[in-house]
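Participant: sequence and predicted structure are below.
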Amino acid sequence: MTSGPGQTEPVGERTFLMPATGRKALDVPRVVPAGAPGRVGALCVWRRRCRLMRAAQRWWRWRRNPLRRRIDVLDAWLGLLTSVLLLVGAPAVGLSVASWSYGVQSRTMGEQQKTRHPVTAELMQDVSATKPQRDGAVESRYPTKVRWRAPDGSVRSGETGVAAGKRKGARITVWILNDGRLTAKPLDHDGVQSTATATGMWAGTAAGTVVLSAAWWARGALDRRRLDQWAEEWAEVGPLWRRRTG
């Protein structure tokens, strides 16, 4: 079907739904003015040009033009440097700190495993039942007196954390040093890895925070300098402008 100037032609159907029932109410032909394809093409060209203009505005500080000032170049370099530091510098700091922490924790684990040994200890008293604390939390282990035999054969006694519900005379495993003193369980590989990962994440986050803070401060200084320059130039041009328009 052809159409003359000013006429319309159907290009499809659009279905409306009743709000209450959701049923089809009516099918209305959707029409557009004749010659619309040309207008649509012009609209697409216009949108493409707008995108190009936005891209040009985004990168104008990197091109030579009479409106670009030295402070605009500094602003562009500041944005580039901030992006590089956030995308590369902060992760590199996190990985470096995590690697360093892993090495330190691994050496500590080796030393502890050499100087700490498990022994069997006997409870000297009953471990009280689980009691809620003031803040509503529940202790998982309670300080309890135990006795064990040191490497030199002597019997030692002391306090260590024991799970609730244990009875006097029960046997548990405790860790002692080479001289027979009680100590904590040595580090294992999982503990070393988790500590190193947490340390690296905190270091990377701190580095990113420092970069953002420094960039925010520098951008504020550049903006203040830019406003001062505009004020100075307007002080020179303003009187001439008023004289021509007055």
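Facilitator: Arrived safely.
Participant: residues near the nearest residue to residue 171 once chain neighbours are set aside, how many?
Facilitator: Leaving aside its sequence neighbours, residue 171 sits nearest to residue 120 (Cβ to Cβ, 6 or more residues apart in numbering; 5.5 Å). For every residue, glycine as well, the C-beta is placed using N, CA and C. Residue 120 sits with 11 neighbouring residues when counted by other Cβ atoms under 10 Å.
Participant: just residue 111 next, same as before
Facilitator: Neighbour count for residue 111, taken as other Cβ under 10 Å: 12.
Participant: what's the longest helix anywhere in the chain packed up against?
Facilitator: Secondary structure of the chain per DSSP state H: the longest helix is helix 189-245. Helix 189-245 sits against helix 70-84, helix 90-115, with contacts defined as 3 or more Cβ pairs under 8 Å, 6 or more residues apart in numbering; DSSP states H and E.
Participant: just the local confidence number for the residue nearest to residue 171, please.
Facilitator: Confidence at residue 120, expressed as pLDDT, is 91.
Participant: what are the buried residues along whatever helix or strand it lives in?
Facilitator: For residue 120, the host element (DSSP states H and E) is strand 116-123. Buried residues in strand 116-123, counted by 16 or more other Cβ atoms under 10 Å: 116, 121-123.
Participant: how about TSV for the residues you listed, with distance to residue 81 added?
Facilitator: Shown next, in TSV, are the buried residues of strand 116-123 (distance: Cβ to Cβ, whole Å):
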residue	distance to residue 81
116	48
121	60
122	65
123	63
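Participant: now flag whichever of these is closest to residue 241.
Facilitator: Relative to residue 241, the closest of the buried residues of strand 116-123 is residue 116; by Cβ to Cβ it sits at 82.9 Å.
Participant: that closest one pairs with what?
Facilitator: Judged by DSSP bridges, the bridge partners of residue 116 are residue 177.
Participant: just list the residues touching it, thanks.
Facilitator: Taking Cβ atoms under 8 Å, 6 or more residues apart in numbering, we find residue 116 in contact with 175-177, 183, 185-186.
Participant: one more time with 10 Å
Facilitator: 175-178, 183-187 (Cβ atoms under 10 Å, 6 or more residues apart in numbering).
Participant: got it, and residue 144?
Facilitator: So, once contact is read as Cβ under 10 Å, 6+ apart, residue 144 ends up touching 121, 123-128, 158-164, 166, 168, 170, 172.
Participant: picking that back up, would CSV of the helices and strands packed on helix 189-245 with mean pLDDT be doable?
Facilitator: Formatted as CSV, these follow (pLDDT from 0 to 100):
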stretch, mean pLDDT
helix 70-84, 86
helix 90-115, 94
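Participant: quick one: closest of the ones you listed to residue 233.
Facilitator: Closest among those, using Cβ to Cβ: helix 70-84, at 12.4 Å.
Participant: in that closest one, what's buried?
Facilitator: So for helix 70-84, counting by 16+ other Cβ under 10 Å, buried means 71-72, 74-75, 78, 82.
Participant: export those to TSV and append columns for distance to residue 89.
Facilitator: Shown next, in TSV, are these (distance: Cβ to Cβ, whole Å):
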residue	distance to residue 89
71	24
72	24
74	19
75	20
78	14
82	10
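Participant: which of the residues you listed sits closest to residue 228?
Facilitator: residue 71 (9.8 Å).
Participant: wait, doesn't the closest one sit right on residue 218?
Facilitator: No. When contacts are counted by Cβ atoms under 10 Å, residue 71 is not listed as touching residue 218 (11.4 Å).
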